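Student: got a structure for you, letters missing:
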């Protein structure tokens with residue numbers, strides 16, 4: 001009788017622990033997956049940062065470019081490197097983390113504690129969503145600023161021109177001409193531009209204001225809504241022109257200070273820039289490809305994690321960590337090559353930009369679904 005009373009007394013204490021167990025297991029799986037992502041990301045980013053630093057050391061000693069500035073330049077590129085290798089990090093990280101759980105029999109222990117295959121999959125995908133959320137934050141809020149800051153710092157250190165970038169905008173001068181750009185719209189469109197031209201006696205003889213610039217070539221700038229003031233014997237003569245072609249004195253490195261590369265633009269800036277191109281009936285197709293590819297990076301990352309789960313759980317034999325790592329690297333390289341092939345072919349055929357960007361991830365999803373259905377059929 002006493003023994004039965006003891007068992008009844010123990011039941012209320014055991015039940016809450018059973019309810020808490022799924023949450024504890026999920027947290028353990030998520031932490032293990034994120035640890036795998038962090039490890040792979042650290043190795044890849046460190047490797048390619050070292051390669052970038054070696055390339056930058058060739059420029060050290062040019063004008064005021066020092067080793068410290070080269071290191072700063074490389075560090076500012078770290079967020080972009082994470083973004084570039086997000087899909088590879090996702091795949092290899094998932095393969096290594098899940099493979100470690102299998103090889104250490106931790107998944108068996110998790111099953112014995114109440115974890116189900118569905119519970120494990122949900123936990124892995126939760127980690128994937130967290131990782132892809134970080135990727136989106138990097139693409140939207142971090143890399144546009146760090147890449148542009150790196151370009152400005154490097155260009156100013158290497159340039160022999162007396163360029164200045166401050167809160168008042170961008171200033172440059174050459175051959176008695178001064179250029180002032182107050183604003184850069186969407187990362188690529190100079191706006192609120194001023195040009196000062198001086199004569200041989202350093203007296204101002206021409207003053208140009210423009211609302212916006214369409215950079216057609218490095219040295220061919222099409223100014224819009226232009227106010228042109230020229231000094232004459234009777235004073236300043238003012239002209240208003242809707243458009244005016246100005247021959248810029250900025251070289252490619254100076255232009256890179258004020259104009260961001262399309263790959264480094266945030267999603268919102270890239271979208272607005274595309275809309276501006278469409279309004280001017282300018283070619284926007286390649287920019288649309290970049291936009292949709294950036295949008296689908298999280299989708300591709302999740303597909304890579306699902307593919308990693310297929311490698312680990314779909315194998316009929318236990319593979320070593322090195323074998324899984326090699327398999328993950330080969331799959332990642334294969335996905336990258338396939339993406340490049342599809343992109344070039346789609347562009348040549350003028351497929352819709354969203355289709356070109358989504359097709360590689362859709363192909364992986366179809367492959368995973370087919371393998372899963374075949375295994376269930378057997």
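Tutor: That came in fine, so what should we check first? Not measured: the values here are computed from a predicted model.

Student: what residues of stretch 223-234 count as buried?
Tutor: By 16 or more other CB atoms under 10 Å, the buried positions in stretch 223-234 come out as 223-224, 226-228. Bear in mind the C-beta positions are built from the backbone N, C-alpha and C, glycine included.

Student: ditto for stretch 66-82
Tutor: Within stretch 66-82, judged by 16+ other CB under 10 Å, the buried ones are 69-70, 72-74, 76-82.

Student: wait, a helix at residue 223?
Tutor: No - with DSSP: H, G, I helix; E, B strand; the rest coil as the criterion, residue 223 is strand rather than part of a helix.

Student: let me see the contact set for it.
Tutor: Under the criterion of CB atoms under 8 Å, 6 or more residues apart in numbering, the neighbours of residue 223 are 193, 208, 210, 212-213, 243-246.

Student: what's the closest of the residues you listed to residue 52?
Tutor: Using CB to CB, residue 213 comes nearest to residue 52 of the contacts of residue 223, at 31.1 Å.

Student: pretty sure that closest one sits against residue 225.
Tutor: No - counting by CB atoms under 8 Å, residue 213 does not reach residue 225; the two are 10.5 Å apart.

Student: how about the helices in this structure?
Tutor: All helices of the chain, identified by DSSP state H, fall at 2-57, 67-76, 78-84, 86-103, 106-112, 117-137, 143-158, 252-258, 267-279, 285-295, 297-313, 321-348, 353-377.

Student: run through who's touching the third one.
Tutor: The reference is to helix 78-84. By CB under 8 Å, 6+ apart, helix 78-84 touches 41, 44-45, 48-49, 89, 135, 138-139, 142-143, 146-147, 264, 297.

Student: between those residues, which is nearest residue 238?
Tutor: residue 264 (38.9 Å).

Student: let's see the pLDDT reported for the residue nearest to that closest one when sequence neighbours are not counted.
Tutor: What sits nearest to residue 264 in space, not counting adjacent residues and going by CB to CB, 6 or more residues apart in numbering, is residue 147, at 3.9 Å. Residue 147 is assigned 93 on the pLDDT scale.

Student: in this structure residue 147 contacts residue 261, no?
Tutor: Yes - in this structure residue 147 lies within contact range of residue 261 using CB under 8 Å: 7.3 Å.

Student: quick one: which of those two has more around it?
Tutor: Counted by other CB atoms under 10 Å, residue 147 and residue 261 do not tie: residue 147 has more neighbours, with 21 against 13.

Student: so who does the more buried one touch?
Tutor: Each residue near residue 147 by CB under 8 Å, 6+ apart is listed here: 76-77, 80, 260-261, 264.

Student: separation between the nearest residue to residue 329 once chain neighbours are set aside and residue 126?
Tutor: Distance criterion CB to CB, 6+ apart; nearest residue to residue 329, sequence neighbours excluded, is residue 92 at 6.3 Å. The gap separating residue 92 from residue 126 is 19 Å, by CB to CB, to the nearest Å.

Student: before we move on, the earlier item: in strands only, show me the contacts of residue 223.
Tutor: Using DSSP state E, the subset of the contacts of residue 223 located in strands is 193, 208, 210, 212-213, 243-246.

Student: filter these to the buried ones?
Tutor: Neighbour-count burial (16+ other CB under 10 Å) applied to the ones in strands among the contacts of residue 223 gives 193, 208, 210, 212-213, 244, 246.

Student: of all those, which comes closest to residue 114?
Tutor: In terms of CB to CB, no member of these lies closer to residue 114 than residue 212, at 62.7 Å.

Student: surely that closest one touches residue 184?
Tutor: No - counting by CB under 8 Å, residue 212 stays clear of residue 184, with 10.7 Å between them.

Student: pull up the overlap in contacts between the two.
Tutor: Contacts common to residue 212 and residue 184, judged by CB under 8 Å, 6+ apart, are 190-191.

Student: low-confidence ranges in this structure?
Tutor: Where the chain drops to pLDDT under 70, the residues are 1-22, 115, 160-163, 314-319, 321.

Student: again, only using 80
Tutor: 1-25, 107-108, 110-117, 159-167, 233-235, 252-253, 313-322, 324-325, 378 (pLDDT under 80).

Student: looking at the helices of the chain, which is buried most?
Tutor: Mean neighbour count (mean count of other CB atoms under 10 Å) peaks for helix 86-103 among the helices of the chain, with a mean of 25.

Student: next up, the contacts around the residue nearest to residue 329.
Tutor: Applying CB under 8 Å, 6+ apart, we find residue 92 in contact with 40, 308, 325, 328-329, 332.

Student: kindly reformat those residues as a markdown table containing distance to residue 180.
Tutor: Shown next, in a markdown table, are the contacts of residue 92 (distance: CB to CB, whole Å):
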| residue | distance to residue 180 |
| --- | --- |
| 40 | 46 |
| 308 | 52 |
| 325 | 54 |
| 328 | 52 |
| 329 | 50 |
| 332 | 47 |
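
Student: residue 251: which of these is nearest?
Tutor: Out of the contacts of residue 92, the member with the shortest distance to residue 251 (by CB to CB) is residue 332, at 38.0 Å.
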